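J.: need the 3D shape of this:
(4 chains)
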4 protein chains.
Amino acid sequence: MSIRVAVIGAKGRMGSHAVDAINNAEGLELVAALGSSDSLETLLDQNIDVAVELTVPKSTEDNVTFLVENGIDTVVGTTGWDNDRLARLESTLKDHPKTAVLIAPNFSIGAVLAMRFAELAAPYFDSAEVVEIHHTRKLDAPSGTANHTAQRIAAARNAAGLPAVPDSTESDPQGARGAVIDGIHVHAIRQQGMNAHEEILFGSDGEALTIRTDSHSTSAFMPGIVTAVRSIADYTGLIHGLENMLDL
Amino acid sequence: MSIRVAVIGAKGRMGSHAVDAINNAEGLELVAALGSSDSLETLLDQNIDVAVELTVPKSTEDNVTFLVENGIDTVVGTTGWDNDRLARLESTLKDHPKTAVLIAPNFSIGAVLAMRFAELAAPYFDSAEVVEIHHTRKLDAPSGTANHTAQRIAAARNAAGLPAVPDSTESDPQGARGAVIDGIHVHAIRQQGMNAHEEILFGSDGEALTIRTDSHSTSAFMPGIVTAVRSIADYTGLIHGLENMLDL
Amino acid sequence: MSIRVAVIGAKGRMGSHAVDAINNAEGLELVAALGSSDSLETLLDQNIDVAVELTVPKSTEDNVTFLVENGIDTVVGTTGWDNDRLARLESTLKDHPKTAVLIAPNFSIGAVLAMRFAELAAPYFDSAEVVEIHHTRKLDAPSGTANHTAQRIAAARNAAGLPAVPDSTESDPQGARGAVIDGIHVHAIRQQGMNAHEEILFGSDGEALTIRTDSHSTSAFMPGIVTAVRSIADYTGLIHGLENMLDL
Amino acid sequence: MSIRVAVIGAKGRMGSHAVDAINNAEGLELVAALGSSDSLETLLDQNIDVAVELTVPKSTEDNVTFLVENGIDTVVGTTGWDNDRLARLESTLKDHPKTAVLIAPNFSIGAVLAMRFAELAAPYFDSAEVVEIHHTRKLDAPSGTANHTAQRIAAARNAAGLPAVPDSTESDPQGARGAVIDGIHVHAIRQQGMNAHEEILFGSDGEALTIRTDSHSTSAFMPGIVTAVRSIADYTGLIHGLENMLDL
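T.: Model prediction:
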């Protein structure tokens, strides 16, 4: 029996990719694809198992609240979920204890795995740095993913009792050593023709470990969304981060 | 209180690096460094906690048997441990239930982590291939590590129910697609100036994950040996593979 | 004054990208975009400076002949130009000595530069190997570009009097060492989510030089086409390969 | 007939490698290997063709002056040649018009080629950035090579009339975008276990070209020194930079 899926925000860039991905995924059946002018009420008599919410920050909380209140498990890819919103959502979920919501800041399985591997590797190497490459339209540096990766590496090093990374730099007048996030150096490259990429470099005497993840296009997020849709029935409550649904 | 360590095979390339590494490692004390003409009997009144056995295939079994029979935990980096030898060692260890022996085919922590991460990532990507680069004196291709990595990727894919890797190749008259180990393509490069390197490539629509490990020199194995020496007191019996002593 | 450009084969994948690229390129004016049902005769009263021919192997020779006979410089991206066709084209060009035709097997400037750099570097390194990565729909291995790169490396090594690449491999039961093209090992990887990529590895004692080129999409060929359209007025006769129009 | 070579500074790290390299190089004969306490006078009756000067900044000028005055072609790997010293050397060379001196800041052929290729590629790509990786004992960032590479890329872009690299960064509170040298972003990584490495990244719509050079050890400089010793007889006067002796 197929999992019955609705996509909310089906006309956007992520949404239209998600419609295709769900149509092509074995075991999933797309039964609704709502645009911004469609009412969520229409979902109620369609026996939806899972909703995929890919709208905009200002709509996402209302949409997710409605879906939870109607007992529909929801996979959320929209940003804008600050701590206040998350607290209200957790409270709503308490009244619907069989329902699950996944909020994932990054649906790239490669990026999620890379971050987890970085955390596992961090205690075993003297040096660790992060390099991210993004398209030239990006407004901020470093990327949220690179920032978060550095924080997790730093936390893993601290937990293992490692000292600061070795660095003898005395002269760096122009800032070539990059940003320092919790003691980990982070470098941001902006390159025409690229999309979203991260390289994590670990080094000790005589050896190196490098983990690289490349998201060439929006389609990179679809395997993560499909995995989440397939798995969410096994969960209840709020799940934060796709890594919690991977078998790591 | 320091861990008291003996190095057996201290004059060889690995052994002399190990002597230096143990001398420099906090919490370890080198109390004996035996060459091929020294008798292991001299260790018995020195209160050795851990022996590091780095000799040659024809001596290693006798050495390890002696050490186990005298209740000394042993970290073994010598090759040549076939199934018969391992069976005899397990039997000896049964009579010395408090003693532990680690037999590790690869003491590079980077290589061990890379293999483990490859196994964890394998279920989430359509494509997987392995490339290894070694110095030009290497006699066999592909390397044992690349071979083993491919086998573990294949096993993880099978366990997750993945189909064969996608490949439309119809014409490959010269064998550019490389070796196929359990369905995973493996490529071996031989390059002057390199030592031992492995790159594992995973791909799905729009995304890639690449894990690379570089062992530039023999010193790459020392952090693994030091980690094993520090940890082996927590174990008993036969441990096969350094990965079992890492926190993964 | 703008260069007046016609695209022949404007409805195909390459052609439609070319239409966009020419529309966006400073100094170029798109004055005709012909599909397969349009007659080339319509070009004759439009004062075309340069035609871009991106059709199919069976049409390309007739199209190019017509264009040359009408004195229109032509940039050809269609495949299928064997030696017989090239000979006939050279003969036609002799009767039209002011007209130029560029036939380019690869319009990726990155790939063209990488090949040229490989040729320049080849005499200075003991080892050289080529790795190509392509999408999983590709039917042949290795790619034409990788094959051609290996041939040019081999020729440059021979011209410099270098011996064979060092390789001690005695055992390679499954062919992990890949294809051997003129003495240079070539490896082909097929990976979901990738497009067309080549890595050229050079090594000597203690040092390595690596040249990598990535074509993520059809748009990768457009800068090459635009460069050719801008430059072709400076040439006459048959030019074979985009590298002849770059300042190397 | 062999080229007769003297190494000055033969006991240092570079010098002892050079002695080995010259002993192993076909067509070269090592006839003198002087340490810091040996007098250069001893060279005069030994019919030296080429001297390799690998001493320290405070000795190098006196040594080179002596060698030039005695008509011995000299390959100099010592640093410390500021503009004043170079001017005095050029003046001395005018009185000895048949003698040649090569002063090379970098004898890694890979690094020299990478810089030259970067310069050739620069006009053809919208984006260009430089990443260097060095050991953790390095005091300054970025490396001289990375700095010089960025300057040459910038000059080549300017000569070709390219605009500034595209970059939309509005927020970079910690300096993740690195140093900016003549408009080119340069990033410096410090990693335990590495030696000297540089990666040059070029990008345009849909395509990338990456040039990477790795110097794993001092031996990386020997092919450059041997090449210079073999070629210097074809030159007179001051040659600045090994690239002038390569066939590029």
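J.: show me the contacts for the residue most central in space within chain A.
T.: Nearest to the mean C-alpha position of chain A, counting by CA atoms, centre = their mean, stands residue A:106 at 1.5 Å. By CB atoms under 8 Å, 6 or more residues apart in numbering or on different chains, residue A:106 lies in contact with A:112, A:145, A:224, A:242. Bear in mind the C-beta positions are built from the backbone N, C-alpha and C, glycine included.
J.: likewise for residue A:228?
T.: Shown in contact with residue A:228 (CB under 8 Å, 6+ apart): A:75, A:102, A:104, A:107, A:242, A:245.
J.: quick check: the fifth one touching residue A:110?
T.: In other words, residue A:242. No - judged on CB atoms under 8 Å, residue A:242 makes no contact with residue A:110 at a distance of 11.0 Å.
J.: mind checking which of these two has more residues around it?
T.: residue A:110 (31 against 26; other CB atoms under 10 Å in any protein chain shown).
J.: tell me which stretches of chain A form strands.
T.: A:3-8, A:28-34, A:50-53, A:73-76, A:100-103, A:127-134, A:179-181, A:184-190, A:196-204, A:207-215, A:237-240 (DSSP state E).
J.: between those, which gets nearest to residue B:83?
T.: strand A:207-215 (29.7 Å; CB to CB).
J.: what packs against the closest one?
T.: helix A:109-121, strand A:196-204, helix B:109-121, strand B:207-215 (3 or more CB pairs under 8 Å, 6 or more residues apart in numbering or on different chains; DSSP states H and E).
J.: can you list the strands that that strand pairs with?
T.: Strand pairing for strand A:207-215, using DSSP bridges, gives strand A:196-204 (antiparallel), strand B:207-215 (antiparallel).
J.: about what we covered before: and the contacts of residue A:228, which two are the farthest apart?
T.: Every pair of the contacts of residue A:228 checked by CB to CB; the farthest is A:107 and A:245, at 10.7 Å.
J.: name the residue in the two with the higher neighbour count.
T.: residue A:107 (25 against 21).
J.: quick one: contacts for that one?
T.: Residue A:107 touches A:77, A:221-222, A:224-225, A:228, A:242, counting by CB under 8 Å, 6+ apart.
J.: give me the buried subset of those.
T.: Listed as buried from the contacts of residue A:107 are A:77, A:221-222, A:224-225, A:228, A:242; burial here means 16 or more other CB atoms under 10 Å in any protein chain shown.
J.: just the closest of those residues to chain C, please.
T.: Nearest to chain C, judged by CB to the nearest CB, of the buried ones among the contacts of residue A:107 is residue A:222 at 11.0 Å.
J.: what lies in contact with stretch A:130-138?
T.: A:142-143, A:145-146, A:149-150, A:153, A:181, A:184-201, D:126-127, D:131, D:165-169, D:187, D:189, D:201.
J.: ugh, typo on my part, it should be stretch A:77-84
T.: By CB under 8 Å, 6+ apart, stretch A:77-84 touches A:9, A:14, A:18, A:52-61, A:89, A:103-105, A:107, A:221, A:225.
J.: rewinding a little: just the buried residues of the contacts of stretch A:130-138.
T.: A:142-143, A:145-146, A:149-150, A:153, A:181, A:184-201, D:126-127, D:131, D:165, D:167, D:169, D:187, D:189, D:201.
J.: how far is the longest helix along chain A from where the chain is centred?
T.: Looking across chain A with DSSP state H, the single longest helix is helix A:144-159. In terms of CA atoms, centre = their mean, to the nearest Å, the centre of helix A:144-159 is found 15 Å from the chain centre.
J.: what residues does that helix touch?
T.: A:105-106, A:111, A:114-115, A:118-120, A:122-123, A:128, A:130-132, A:142, A:181-184, A:186, A:188, A:196, A:198, A:200, D:176.
J.: if we use 7 Å, what do you get?
T.: Residues from elsewhere that reach helix A:144-159 (CB atoms under 7 Å, 6 or more residues apart in numbering or on different chains): A:105-106, A:111, A:115, A:118-119, A:122-123, A:128, A:130, A:132, A:181-184, A:186, A:188, A:198, A:200.
J.: stretch A:58-66 too?
T.: In contact with stretch A:58-66 (CB under 7 Å, 6+ apart) are residues A:8, A:40, A:53, A:55, A:74, A:76, A:78, A:80, A:85, A:89, A:92, A:101.
J.: also stretch A:212-222?
T.: A:13-14, A:17-18, A:21, A:107-108, A:110-111, A:114, A:195-199, B:205-210, C:193, C:216.
J.: ok, 8 Å please
T.: A:13-14, A:17-18, A:20-21, A:77, A:107-108, A:110-111, A:113-114, A:195-200, B:204-212, C:193, C:216.
J.: could you find the closest non-adjacent residue to residue A:3?
T.: Closest residue to residue A:3 apart from its sequence neighbours, by CB to CB, 6 or more residues apart in numbering or on different chains: residue A:49 at 4.8 Å.
J.: next, give phi and psi for that neighbour.
T.: phi -90, psi -50 (degrees, to the nearest 10).
J.: who are the neighbours in contact with it?
T.: A:3-5, A:72-73, A:233.
J.: just the pLDDT for it.
T.: If you check residue A:49, the pLDDT there is 98.
J.: one more: the one 5 residues further on?
T.: pLDDT, the model's per-residue confidence, is 96 for residue A:54.
J.: is chain B within reach of stretch A:16-34?
T.: No - figure legend: stretch A:16-34 not in contact with chain B (CB under 8 Å from any CB of the partner chain); closest approach 8.6 Å.
J.: and what of stretch A:4-13?
T.: No - between stretch A:4-13 and chain B, judged by CB under 8 Å from any CB, nothing touches; the nearest distance is 12.7 Å.
J.: need the contact list for the closest residue to residue A:77 other than its chain neighbours.
T.: Of all residues not flanking residue A:77 in the chain, residue A:54 sits nearest, at 4.8 Å (CB to CB, 6+ apart). The contact partners of residue A:54, by CB under 8 Å, 6+ apart, come to A:7-10, A:12, A:14-15, A:18, A:77-78.
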